[in-house]
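S.K.: A predicted structure for the sequence below; I have some questions about it.
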Amino acid sequence: MNNYTAPDIWFPHLGISFENIPRVFISIFGFEIFWYAIFIVLGILSAYLLAVWYAKRTGQKPNDYTDLLIVGVIFAFIGLRLYYMIFTWDSEQGGNFFLEFLNFRGGGLAIYGGIIGALVAGVVVSAKKNIPFTTFTDTCAPSLLLGQIIGRFGNFFNREAFGGPTDSLFAMRIRVDQSFMLTQELLDSAVYARGVYYLQVHPTFLYEQFFNLLLMIFLLIYRPYKKFAGEIILLYMLGYGIIRFFLEGLRTDQLPFFGTGLAASQVMSVVFVIVSIGLLLAGHMYRPAKAKSKGKKV
């Protein structure tokens, strides 16, 4: 690493640095397309391809997942934006809620809203096609994680979704002049190196990518051995709920839960965990009872 350069993003304890990291992928006649958007699209396409691959392996119709993709993208983006707007509207400087909602390029998307929107889309498409909802969800649960993993690279290019100050092994430095969501705590902890000030923070988006990857691998391995329909999506909700609850506690850009001082994503994580545990227990309790009943008839 050149001693006379100041990298944009720097992992000092790992000896890794990145220079000239752009936020904009391309500008066409003044219309900017951001890397964040590119990675969201790549995440969606990768998730779709993984779902189609499994659908073919299990004798399902790939076209059903093409339809789910179309409806799912619409509902997911509505959920992404609406979730964020609900928990930040009080802090907005006036304006029309509907017009602000349509301002996707202005920033403000929340992953839990996208997950909820995707699940609603699954309900709609499964009802329309008369396909069990759990067929869609168990096929797409690992795909959701793959999409999230790839989409999080957008946070890297945007220098956002990071945690508080740290000097841990994985500490990440981001130039103050390129950072969003600055707080006084972050500014007070800024370090001076190579002629510029850096925030030295937890790269929580990278932590989430790593743990989501582990969860996705587990779901892919366990899926052929699932005990009941719907178990895979419930394990996704349980695993992601736990991951997000702890990582959200590190982040500095938490969405407030209606002025309670709680983080909205931590509240939603608790809901995901409680609901998934309850339904997992019910699913495992129901199976033995059903099997025993069938045995009596024989």
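M.R.: All right, it came through fine. Keep in mind the model is a prediction, meaning the values are calculated, not measured.
S.K.: the helices in this structure, which residues?
M.R.: Under the criterion DSSP state H, helices of the chain are mapped to 35-57, 62-88, 97-102, 111-129, 133-151, 153-158, 184-188, 204-222, 231-248, 264-297.
S.K.: which stretches of the stretch 51-200 of the chain have low pLDDT?
M.R.: Low-confidence regions of the stretch 51-200 of the chain, defined here as pLDDT under 70, cover residues 90-95, 105-107.
S.K.: let's go with 50 and repeat that
M.R.: Scanning the stretch 51-200 of the chain with the threshold set as pLDDT under 50 gives no residue ranges.
S.K.: So what's the predicted local confidence for the residue lying closest to S143 once chain neighbours are set aside?
M.R.: The shortest distance from S143 to any residue other than its chain neighbours is 3.9 Å, reached at A47 (Cβ to Cβ, 6 or more residues apart in numbering). Every C-beta, even on glycine, is put in place using the N, C-alpha and C of the backbone. Model confidence at A47, given as pLDDT, is 97.
S.K.: close enough to count as contact, A47 and L144?
M.R.: Yes: look at A47 against L144 with Cβ atoms under 8 Å: they come within range, at 6.5 Å.
S.K.: Give me the more crowded residue out of those two.
M.R.: Between A47 and L144, L144 has the larger neighbour count (other Cβ atoms under 10 Å), namely 28 against 25.
S.K.: can you pull the contacts of the more buried one?
M.R.: When contacts are counted by Cβ atoms under 8 Å, 6 or more residues apart in numbering, L144 touches A47, I115, A118, Y236.
S.K.: And for I38?
M.R.: Contacts for I38 (Cβ under 8 Å, 6+ apart) come out as F25, G154.
S.K.: next one: G117
M.R.: By Cβ under 8 Å, 6+ apart, the contact set of G117 is G72, F75, A76, F77, I78, G79, L80, L82.
S.K.: can you count the residues close to the last one?
M.R.: Think L82. The local packing of L82 (other Cβ under 10 Å) involves 17 other residues.
S.K.: same question, the third one
M.R.: A76 sits with 26 neighbouring residues when counted by other Cβ under 10 Å.
S.K.: Just list the residues touching it, thanks.
M.R.: Contacts of A76 were listed using Cβ under 8 Å, 6+ apart, and they are G114, I115, G117, A118, A121.
S.K.: Scan the residues you listed and report the most crowded one.
M.R.: Ranked by the number of neighbours (other Cβ under 10 Å), these place G114 first, at 27 neighbours.
S.K.: measure I33 to F39 for me?
M.R.: Distance check for I33 against F39: by Cβ to Cβ, to the nearest Å, it reads 11 Å.
S.K.: quick one on the thing from earlier: a markdown table for the contacts of G117, including distance to L199?
M.R.: Putting the contacts of G117 into a markdown table (distance: Cβ to Cβ, whole Å) gives the following:
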| residue | distance to L199 |
| --- | --- |
| G72 | 35 |
| F75 | 35 |
| A76 | 31 |
| F77 | 30 |
| I78 | 33 |
| G79 | 30 |
| L80 | 26 |
| L82 | 30 |
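S.K.: Going through these, which ones are buried?
M.R.: In those, burial by neighbour count holds for G72, F75, A76, F77, I78, G79, L80, L82, counting by 16 or more other Cβ atoms under 10 Å.
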